[in-house]
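Colleague: Model the structure of this input:
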Amino acid sequence: MPNARLRLLKFDGTRFETGQRLNIIKEINYEDAIPKIIQKVKNAITLQLREFQYLDENGVFKVIPEYPEFAWFEGIVNSLTHRNYSIMGDHIRVSLYDDRLEILSPGKLPNIVTLDNMLNTRYSRNPRIARVLGEFGWVKELNEGVKRIYDEMQMYFLKSPTYSEPNGNSVLLVLENSITSRQLRTDDKISSMFDQEILGQLNEFETTIIQFLTNNKSITIKTAKNILHKGDTFSRKQLKHLEELDIIEWHGSNKSDPTQYYTLKSK
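Modeller: Below is the predicted model of the structure:
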């Protein structure tokens, strides 16, 4: 299809900044046969999405993905299947923010489908594309895909997906992750572990380290540099101060030990 183009964008933060504050950290354009676009963008998004650790009731660390794979993959397949290919000069945009994933597809919902009835109404704008992608096993043509997106998000205890037609001529799917609720749980956990007077002495960088260690077993100097976006000397200084406050504990044979790391001090 001449207009089969998908643009993958990853942003640093929760909004699209412009000018000198431009915050696009990843941009990939896909112009290819639709099945190839689907395969390539699936691989790329899988690498970009985060995974989170949590401690289950048996004391075992488990990993959960940022979003259920079916939800975002179905959203992308639907956008490529049902977009209005007669609209020139526009393309599908998949945008990854810190707190959500957005899929914007050119063209309004097709024919009899509306925002109110889309869960129970099926209409294919591009039946030949739908049939071919059905042969690949990506489209079932049973109107169960959107319903399952809702189900999958609920199974992961995430907010229900939202569909809208923001400019009257496109369809927007938004999937929110649980980063906000995770942050609240992390803050509550930190407050229960340490005295408020001690926490009040921490700067924003030291707080970031503590938040990281609340959800991870240990931190190295290299990891601290990455999450603080600072240099070696600065990161070491933050870790040293936390050690002096008896909040974290250093592990290693000597200060030049390449395997040295820090953990939260047991309370």
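
Colleague: what's the spacing between residue 138 and residue 83?
Modeller: 15 Å (C-beta to C-beta, to the nearest Å). From N, CA and C alone the C-beta is placed, and that goes for glycine too.

Colleague: The two: which has the busier surroundings?
Modeller: The residue with more neighbours, out of residue 138 and residue 83, is residue 83; 26 against 22, by other C-beta atoms under 10 Å.

Colleague: What are the neighbouring residues in contact with that one?
Modeller: By C-beta atoms under 8 Å, 6 or more residues apart in numbering, the residues touching residue 83 are 92, 105, 106, 107, 125, 126.

Colleague: number of nearby residues for the second one?
Modeller: So that's residue 105. Count around residue 105 with other C-beta under 10 Å applied: 26.

Colleague: Give the helix, strand or coil label for it.
Modeller: Three-state assignment for residue 105 (DSSP: H, G, I helix; E, B strand; the rest coil): strand.

Colleague: which stretches of the stretch 1-150 of the chain form strands?
Modeller: 5-11, 24-31, 51-55, 61-65, 92-96, 100-106 (DSSP state E, counting those that start in this stretch).

Colleague: and of the ones you listed, who's closest to residue 178?
Modeller: strand 51-55 (8.4 Å; C-beta to C-beta).

Colleague: picking that back up, top of the contacts of residue 83 by neighbour count?
Modeller: Counting neighbours by other C-beta under 10 Å, residue 105 comes out on top of the contacts of residue 83 with 26 neighbours.

Colleague: Can you read off the pLDDT for that residue?
Modeller: Residue 105 is assigned 95 on the pLDDT scale.

Colleague: before we move on, the earlier item: export the contacts of residue 83 as CSV, with columns for distance to residue 177.
Modeller: Below are those laid out as CSV (distance: C-beta to C-beta, whole Å):
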residue, distance to residue 177
92, 21
105, 21
106, 25
107, 27
125, 30
126, 30
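
Colleague: Fine by me, thanks again.
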